[in-house]
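Participant: Just to be clear, the model below is a prediction. Sequence and coordinates:
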Amino acid sequence: MGSREGGHERTQARCHFRGGTTVFGDPLALIVEDAVDPDRALIIGESVVHRILVTVFLEVRENDIRIISARRATRRERRRYGAGKEG
């Protein structure tokens with residue numbers, strides 16, 4: 001992989017991470033407990049640029065959240081989000 005490709009991947013990852021913060025503003029977002037770590041949770045929601053993202057986070061204190069990761073939702077996660085919007 002060339003250095004240009006690696007740079008693009010890092011830029012794309014940063015964009016998902018920044019966008020991951022915006023899903024908290026989605027009134028239809030789904031919050032799901034993490035099956036592996038009970039302190040963590042996942043939020044599936046629509047970002048401000050209309051992408052369905054999954055953000056993994058934990059609540060450090062009341063109203064204080066630490067984001068662990070953010071990524072584009074899988075097809076299954078997008079369907080789950082869509083079902084929540086319709087219901």
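Facilitator: That came in fine, so what should we check first?
Participant: Stretch 56-69: end-to-end distance?
Facilitator: Across stretch 56-69, the terminal residues are separated by 5 Å (CA to CA, to the nearest Å).
Participant: Kindly apply the preceding question to stretch 43-57 instead.
Facilitator: End-to-end span of stretch 43-57 (CA to CA): 8 Å.
Participant: and that stretch, which residues are buried?
Facilitator: 43-47, 51-57 (16 or more other CB atoms under 10 Å). C-betas here are computed from N, CA, C, even on glycine.
Participant: Let's have those in CSV, adding distance to residue 71 and pLDDT.
Facilitator: Putting the buried residues of stretch 43-57 into CSV (distance: CB to CB, whole Å; pLDDT from 0 to 100) gives the following:
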residue, distance to residue 71, pLDDT
43, 12, 96
44, 11, 96
45, 13, 96
46, 14, 95
47, 11, 94
51, 10, 93
52, 10, 95
53, 7, 95
54, 6, 95
55, 8, 95
56, 9, 94
57, 13, 95
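Participant: if we take those residues, which one ends up nearest to residue 35?
Facilitator: Nearest to residue 35, judged by CB to CB, of the buried residues of stretch 43-57 is residue 56 at 11.7 Å.
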